[in-house]
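Novice: Structure for this input, please:
(chains A and B)
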2 protein chains.
Amino acid sequence: MQAELLSIGDELLIGQIVNSNAAYISRKLNEMGIEVSRVTTIGDNEEEILEAMKTAWQHNDIVIATGGLGPTHDDISKNVVAKFFKKRLLLDLKTLAHVRARFRSFGISKMPEINIGQAMVPQGFKALRNDTGTAPGLLFHQRQQTFIILPGVPHEMTFLMEKWVIPGLRTFYRKKLGSAILHRTLLTVGIGESTLAARIGNVHDFLDAGATLAFLPKTSGVRVRISVRAESATKAKSKVARIEKHIRDRAGNYIYGTDSDTLEGMLFQLLKKRKATLSVAESCTGGMLSMRMTNIPGSSKVFAGGIISYSNSVKIKELGISKKLIDSFGAVSKECALAMAEGACKKFGTTFSLAITGIAGPGGGTKDKPVGTIWIALAEAGHPTLARSYKFAGDRSIIRERSADSAMEMLRRRLL
Amino acid sequence: MQAELLSIGDELLIGQIVNSNAAYISRKLNEMGIEVSRVTTIGDNEEEILEAMKTAWQHNDIVIATGGLGPTHDDISKNVVAKFFKKRLLLDLKTLAHVRARFRSFGISKMPEINIGQAMVPQGFKALRNDTGTAPGLLFHQRQQTFIILPGVPHEMTFLMEKWVIPGLRTFYRKKLGSAILHRTLLTVGIGESTLAARIGNVHDFLDAGATLAFLPKTSGVRVRISVRAESATKAKSKVARIEKHIRDRAGNYIYGTDSDTLEGMLFQLLKKRKATLSVAESCTGGMLSMRMTNIPGSSKVFAGGIISYSNSVKIKELGISKKLIDSFGAVSKECALAMAEGACKKFGTTFSLAITGIAGPGGGTKDKPVGTIWIALAEAGHPTLARSYKFAGDRSIIRERSADSAMEMLRRRLL
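Specialist: Predicted structure coming up:
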């Protein structure tokens, strides 16, 4: 079972937006055991779309296109699809009623006329009702082949995938979807790609047919992805487990999680288990650490709150840091980081407090404290406060991200 | 002048990572007047790479590939490139010295042997020195055609693009890069796609040959992109200006910025001009608003700090909100939002304070206050405090983003 994705839209080719839709659809198809052979991105151009559709439809069981289904003049995809399959466009009354109802629900009684076009459906296609927008998805199934086109707006596309496309494909290809593909990614922190590879050893010694290993470096650490294809899900699982064990035996202390785990998620679980609470005091990260911790639903169980002490006066007034300390050592110093963490811990009455202070750049660096100099401190009631300095390379956002990651990793290691 | 991008890597086809590299490279090429005709994403598979390279090299002046240059066994791109161009791989001593020096700078005196492969360069190719990693870029130029391959790690790819690729292409194609492509995007907030299109009117009335208009809906608002191709940059600019004026005359009050402007950036400029300062009190957004404001270098000029009052006890203790108020109205209420904004304004002594409290979900909703119910308040010293309620659809992260956007928009309108 093989699929190709067609991402349609000039905005992709001029780099205005990032193609996150392709990543999402690929992930979903892989989970079902459908391999994505290729993603082709083309502009809102009839010839280009027709040519890409031709190649994709020749080589694949499934083609999923996204983009160009909106109501405006630059949305040409539906017409091109109808032309490719030599189908007439017919007004679909059910879809029209649905589009009208959406406008009414926004308090707009008269639907703009331009939106009538969204209810036109190529003959023989099924309109997939879109509860999150006005453009329906379109599905065509014939001789075991399926063509689908979805709107490019991410939350509309994901709605249609989950509500209609995934269940539909499972029904069409029930028999063929037997062979299982399984991926598992081990997330590491604090070790480089080649050092990690050397530790794990020659892959041919522990990978057999149908298994692959990939190293994916990211800002926050190297990820190691195990991919396995087997006759059944059970066999795939045991194969993956064998390979994972091999890697954990050699590099386990660098692995903080798997797959879609996040440092904040792991930290949340560890804090919850210990019935411990956390507060933060952030300077250069300006709320990023706090935002990451509160990304997790239910984080109020462990996360009390924080102080964004962006200015020195807030550090002095809210965290009880003496002006003298800042004058002597500077706001980016071990002493200030320690005092920030201790101040927050006391103020919020939490088990732990993390503090970050540093120079995220691009300005503000000095010879002694260049851009990328960060101090992170961890306070724990009844324990000595820990502080460490870091030197991060990269731009402002990379430095802020690495600072937040390192703070979380500091606390994670304390909790283990 | 036309280019195709080849994005290589299984991680893209299984949806593990989003192809942000293609967006970045497309943007840079467009800025130079080079059109990207297609982005093809393929896996780490020799046949697939060879086939995609063949098509791309046949139809384009420039091909830029990314990915698969790392030191580990799954990185096959360089070998495939050498095979495609029928070139032998030779050890490049300068590159080898550079890779060794990088390891030394990390305090690793002995370079892992696996990294020697990174210094192998196909005959006739130029190695592009990578100051941000161990894999050099590779460039091949022949008969007015250019092939380039870069590592897939985003910050390494951007370094090589800026340091070598963009200047190199400018030199190779100095004469051809005369014709100018210009894009300009108007960013709107608070108006839907079709209503906006209706206001702007029939595009054929104001777009002439070589000009296009595209509507791009996003979480935070619809973007309208004007694209113009003309013989010279001056002509393109005046064409764009004419179209922009037409749109602003009809929908100007919904436009908050252009191109890469952000709400936070516009707000920062407005606050700076007024010599005003801002503080925040965030509940459900947990630091997101503060993080957005401090994304901007130099934001300390206007941004004092904030309180993440995630728990009620922090709201009471730090923002001076009475327990009675929370008991009577709840933490998600007009009364609580007003008190949060006023509490923060007083505490931080700023000109303005923004407060956000709401239910971001997925849990915590009730019949009266379903998930997506948000209260936002704006306090200004010497003025009555303003509060508004919102009902946002979407998941936790969309609700949090829209809340932060709406808070910034509330203050922006006050400042205009």
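
Novice: what residues are up against residue A:246?
Specialist: Residues in contact with residue A:246, defined by Cβ atoms under 8 Å, 6 or more residues apart in numbering or on different chains, are A:200, A:206. C-beta coordinates here come from the backbone N, C-alpha and C atoms, glycine included.

Novice: Which segments of chain A make up each domain?
Specialist: Using automatic domain parsing, the domain parsing of chain A gives A:2-172, A:180-258, A:263-415.

Novice: Would you single out the least confident of those?
Specialist: For these, the weakest mean pLDDT is recorded on domain A:180-258, namely a mean of 88.

Novice: any idea which helix or strand carries the residue lying farthest from the centre of chain A?
Specialist: Taking Cα atoms, centre = their mean, the residue of chain A most remote from its mean C-alpha position is residue A:324, at 43.5 Å. Assessed by DSSP states H and E, residue A:324 sits inside helix A:323-329.

Novice: who does whichever helix or strand comes after that helix touch, helix- and strand-wise?
Specialist: Counting by DSSP H and E, the next helix or strand C-terminal to helix A:323-329 is helix A:334-348. Helix A:334-348 sits against strand A:278-282, strand A:303-308, helix A:312-319, helix A:323-329, strand A:352-358, strand A:373-380, strand A:386-391, with contacts defined as 3 or more Cβ pairs under 8 Å, 6 or more residues apart in numbering or on different chains; DSSP states H and E.

Novice: Now do the shortest one: distance to the chain's middle.
Specialist: Read that as strand A:278-282. Remark: strand A:278-282 is offset 24 Å from the chain centroid, using Cα atoms, centre = their mean, to the nearest Å.

Novice: Please apply the same query to the third one.
Specialist: Computed by Cα atoms, centre = their mean, the chain-centroid distance of helix A:312-319 equals 35 Å.

Novice: returning to that earlier point: contacts for the helix holding residue A:324?
Specialist: Outside helix A:323-329, the residues touching it (Cβ under 8 Å, 6+ apart) are A:312, A:315-316, A:335-336, A:339.

Novice: I figured residue A:248 hits residue A:255, correct?
Specialist: Yes - with contact defined as Cβ atoms under 8 Å, residue A:248 reaches residue A:255; the gap is 6.5 Å.

Novice: Mutual contacts of these two, please.
Specialist: Joint contacts of residue A:248 and residue A:255 (Cβ under 8 Å, 6+ apart) are residue A:186.

Novice: These two: which has the busier surroundings?
Specialist: Neighbours around residue A:248 and residue A:255, counted as other Cβ atoms under 10 Å in any protein chain shown, are more numerous at residue A:255. The numbers are 19 against 13.

Novice: Would you check that that one makes contact with residue A:186?
Specialist: Yes - counting by Cβ under 8 Å, residue A:255 touches residue A:186, with 5.0 Å between them.

Novice: where do the contact lists of the two overlap?
Specialist: A:247-248.

Novice: And what about residue A:268, helix, strand or coil?
Specialist: helix (DSSP: H, G, I helix; E, B strand; the rest coil).

Novice: Surely it is in contact with residue A:297?
Specialist: No - using Cβ under 8 Å, residue A:268 makes no contact with residue A:297, being 9.7 Å away.

Novice: who are the neighbours in contact with residue A:144?
Specialist: A:61, A:172-173.

Novice: Out of those residues, which is nearest to chain B?
Specialist: Among the contacts of residue A:144, residue A:61 lies closest to chain B (Cβ to the nearest Cβ), at 15.3 Å.

Novice: Which residues does stretch A:94-104 contact?
Specialist: A:109-112, A:115-116, A:118-119, A:121, A:127, A:129-130, A:133-134, A:136.

Novice: if we can go back for a sec, dump the helices and strands packed on helix A:334-348 into CSV; add distance to residue B:306 as well.
Specialist: Output for those, formatted as CSV (distance: least, Cβ to Cβ, whole Å):
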stretch, distance to residue B:306
strand A:278-282, 9
strand A:303-308, 4
helix A:312-319, 9
helix A:323-329, 19
strand A:352-358, 15
strand A:373-380, 20
strand A:386-391, 23
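
Novice: Produce a ChimeraX select command limited to the buried residues of the contacts of helix A:323-329.
Specialist: Selecting the buried subset of these in ChimeraX, with 16 or more other Cβ atoms under 10 Å in any protein chain shown as the burial test, is done by:
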select /A:312,315,316,335,336,339
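
Novice: between the contacts of helix A:323-329, which is closest to residue B:49?
Specialist: residue A:336 (51.5 Å; Cβ to Cβ).

Novice: so what's the closest one closest to, chain neighbours aside?
Specialist: Distances taken as Cβ to Cβ, 6 or more residues apart in numbering or on different chains put residue A:357 closest to residue A:336, at 5.5 Å, once the chain neighbours are dropped.

Novice: How about residue A:415?
Specialist: Closest to residue A:415 by Cβ to Cβ, 6+ apart is residue A:270, at 4.2 Å.

Novice: Three-state assignment for the residue most central in space within chain A, please.
Specialist: Centroid-nearest residue in chain A: residue A:260, 8.2 Å away (criterion: Cα atoms, centre = their mean). Under three-state DSSP, residue A:260 falls in the coil class.

Novice: Can you give me the pLDDT of it?
Specialist: So, for residue A:260, pLDDT stands at 85.

Novice: what bridges to residue A:8?
Specialist: residue A:42 (DSSP bridges).

Novice: so who does it touch?
Specialist: A:41-44, A:49, A:65-68, A:77, A:152.

Novice: In helices, which of those appear?
Specialist: A:49, A:77 (DSSP state H).

Novice: So which of the contacts of stretch A:94-104 is surrounded by the most neighbours?
Specialist: That'd be residue A:136 among the contacts of stretch A:94-104, by other Cβ under 10 Å, with 29 neighbours.

Novice: Spatially nearest residue to it (excluding sequence neighbours)?
Specialist: residue A:127 (4.3 Å).

Novice: From the chain's centroid, how far away is the host helix or strand of the one you found?
Specialist: Assigned by DSSP H and E, residue A:127 belongs to strand A:126-128. Centroid separation between strand A:126-128 and its chain, computed with Cα atoms, centre = their mean, is 29 Å.
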